[in-house]
Each structure stands twice: as structure tokens, then as C-alpha cells.
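**Student:** all I have is the shape, not the residue letters:
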């Protein structure tokens, strides 16, 4: 559609101030496939901070939406919160996902290392653009790990971990599956996790476990299970912010505390009642699941307050 490639100028009114935000597509030629994203750029006579937003696991797209989980537009809405406060952002479809599907159409060829390399390439592109000042890497869920791994090589000004795990992901999966699987399937699930943790694939996957352990995704899981999120976070030399909601049914507050312990100088923001898709939702399963499919629910107000305050407080570089 022509509208997708035209430069859109949207005027936003915030209080008594008027801010003009340019919204346009942005692409990255990685040399191994083209990635597609969205740029929000507040009009400014001076360079503005730019946040590279990295989405979570699986086929989650640039807006925070997953075809299996539904549309909630969490990351899209966050990008607009930033734009209204004079902070640019780029959010992108990971290779193998949505508009970037053609970059790696076979999920057997996906890896954490590949995702990190892509984030680094985006970071270099943004740092070379004179319209931007400080580069902040913000990762949601699994994207928090990617942000932590990519930030040092691009000399990011800061990292924001949002709903990020501190523990190796195989441990998180064991915990999540133990809450829902019957004993025989849990036994088989643990065997599969043990095999993948050891770097070995296993094609004997029962039908109920195919969605998680299908053979085509196992190479990616092997690359993921090699990572230690807390150790990656501890290696960061730049300022960092940890954001975690108390109603998150996928990642717990304890993970946020472990990240804080790994990097004591990081800021920790615990948001009461916020869930994994960044909304204030009670600990009720039906209402939690419904929120994953409701793009009209407002983001938790404290989320923007913490992120904006953190970016505003970063040292001048």
C-alpha cells in the first residue's frame, strides 16, 4: 500500500505543547536478508535520544503482537509514549517474523547469536544517523537478553530490561510447564530440556509438546539455553533500568531482583499490578489472557514515568 511507504506527519497535542512526529518505514540490509521496522521521530532542531525496541520470543512482531497470542500493540503504544516526549524510536520485525520473514524463512536457521548481530547492526545504523543522540537499547521479555548481549559492542548509552528473565530460559520453561503438564508429559518435557541444554536435538516429541519443542525450533532453543541472562546483564558497564510488573504471569518479580543483584548499580522499577503486556491487570487468568488480545487497554502509567525519567537522567555523552 502506498500509505505504508509515504512519510506520515502526525500532530500530537500534549498539554499546551504541540509536537510533530514523523512516522515512516525503516529498513536494514544485514547482508544476509533485509529487516523491516518503524521509525517514530519527533521533529527537532537538535539530535534526540533514540530507543531501539527489541521484541520478545517467538513470532512476536515489532508492535509486540504474536499470531498465537493475539494483538495487544504493547510496543507500538510504548513507542508513541516516547515520541510524545521528544524521544525517537525504532522497532523492527526480527528476521523470520512478519515483514522480515524472508530474511530467514526456515526457523532451523535462527539463533540468539543471529538476533544479537541484527540488533548490533540496527544500533550502528542509528548511531551513524545525525538526527539521533543517545542510543538506548530496550528489550521486552526475551528481547531484554538480546539487548544486554548487543549493547556493549555498539557502546549504547543505556539498556532497559522490561519483563526480562534473569535465569537461563530452560529453568523458566521447567517452572512454567510444571504448572500445567500432567506428570508423564512433564517427565518427557524434562528429558527434552536436558537434551537441548546439552546441545543435542531430540525428534521424539509428543504431539502436545510440539508447539514448544518441535524439531525445527530446537536449534534455536539450544542457542537460547546457552545464555545466562543475569551474567550478560552483570557485564554491562552503562546505566541500566529493570522494569517488572507484579502481575506478570510469564516472568516474576524475583527475576527482576536477581538482575538487580547481578548489577547493583542498575535502577529497579517494580510496577504494582502490571502484567507481561504492560497493562494493569489483576491476577485472574481470564482477564490476563484477555489483555493479550486487547490493543485498546492503556499501558501502565508508571511504565512511561519510569522510562522517561531514566532517559532524562542519563549523563550527557
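**Tutor:** On my side now, so go ahead. Here the structure is a predicted model, which means the values were calculated and not measured.
**Student:** CA only for contacts and neighbour counts going forward, please
**Tutor:** Fine.
**Student:** longest strand of the protein?
**Tutor:** Assignment by DSSP state E gives strand 17-29 as the longest strand of the chain.
**Student:** residues in contact with the following helix or strand past it: which ones?
**Tutor:** Using DSSP states H and E, the helix or strand that follows strand 17-29 towards the C-terminus is strand 34-42. Residues outside strand 34-42 that contact it (Cα atoms under 8 Å, 6 or more residues apart in numbering): 19-29, 48, 62, 79-80, 83-84, 86-95, 99-100, 102-103.
**Student:** got a PyMOL select line for the buried ones in these?
**Tutor:** To isolate the buried ones among these in PyMOL, judged by 16 or more other Cα atoms under 10 Å, type:
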select buried, resi 19+20+21+22+23+24+25+48+62+79+80+83+84+86+87+88+89+90+91+92+93+94+95+99+100+103
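**Student:** mind listing what's buried in whichever strand or helix holds residue 287?
**Tutor:** Under the criterion of DSSP H and E, residue 287 resides in helix 285-291. Neighbour counts over helix 285-291 (16+ other Cα under 10 Å) mark 288, 291 as buried.
**Student:** neighbouring contacts of the next helix or strand after that helix?
**Tutor:** Toward the C-terminal end, the helix or strand that comes next after helix 285-291 (DSSP H and E) is helix 301-312. Identification of contacts with helix 301-312 by Cα under 8 Å, 6+ apart yields 78, 81-82, 85, 241, 243, 269, 271, 278.
**Student:** farthest pair within those residues?
**Tutor:** The distance between the two most remote of those (Cα to Cα) is 20.7 Å, for 85 and 271.
**Student:** what's the local residue count around the residue lying closest to residue 219 once chain neighbours are set aside?
**Tutor:** Among residues not flanking residue 219 along the chain, residue 108 sits closest, at 6.0 Å (Cα to Cα, 6 or more residues apart in numbering). By other Cα atoms under 10 Å, the residues close to residue 108 number 14.
**Student:** a strand runs through residue 108, doesn't it?
**Tutor:** No: Residue 108 is assigned helix when assessed by DSSP: H, G, I helix; E, B strand; the rest coil, not a strand.
**Student:** give me every residue that touches it.
**Tutor:** Residue 108 neighbours (Cα under 8 Å, 6+ apart): 216-220.
**Student:** check residue 16 and give its pLDDT.
**Tutor:** We have a pLDDT of 33 for residue 16.
**Student:** now do the one 5 residues further on
**Tutor:** In this prediction, residue 21 carries a pLDDT score of 96.
**Student:** how about the helices in the stretch 101-250 of the chain?
**Tutor:** 112-127, 142-150, 169-178, 183-197, 210-213, 218-225, 229-234 (DSSP state H, counting those that start in this stretch).
**Student:** make TSV from those helices and add mean pLDDT to it.
**Tutor:** Shown next, in TSV, are the helices of the stretch 101-250 of the chain (pLDDT from 0 to 100):
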stretch	mean pLDDT
helix 112-127	98
helix 142-150	98
helix 169-178	94
helix 183-197	97
helix 210-213	96
helix 218-225	98
helix 229-234	98
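**Student:** how about the ones you listed, which one is nearest residue 250?
**Tutor:** Among the helices of the stretch 101-250 of the chain, helix 169-178 sits nearest to residue 250 (Cα to Cα), with 7.7 Å.
**Student:** helices and strands of this structure: which one has the lowest mean pLDDT?
**Tutor:** helix 2-5 (a mean of 33; mean pLDDT, DSSP states H and E).
**Student:** thinking again about what came up before, from the contact counts, what lies against the longest strand of the chain?
**Tutor:** helix 2-5, strand 8-14, strand 34-42 (3 or more Cα pairs under 8 Å, 6 or more residues apart in numbering; DSSP states H and E).
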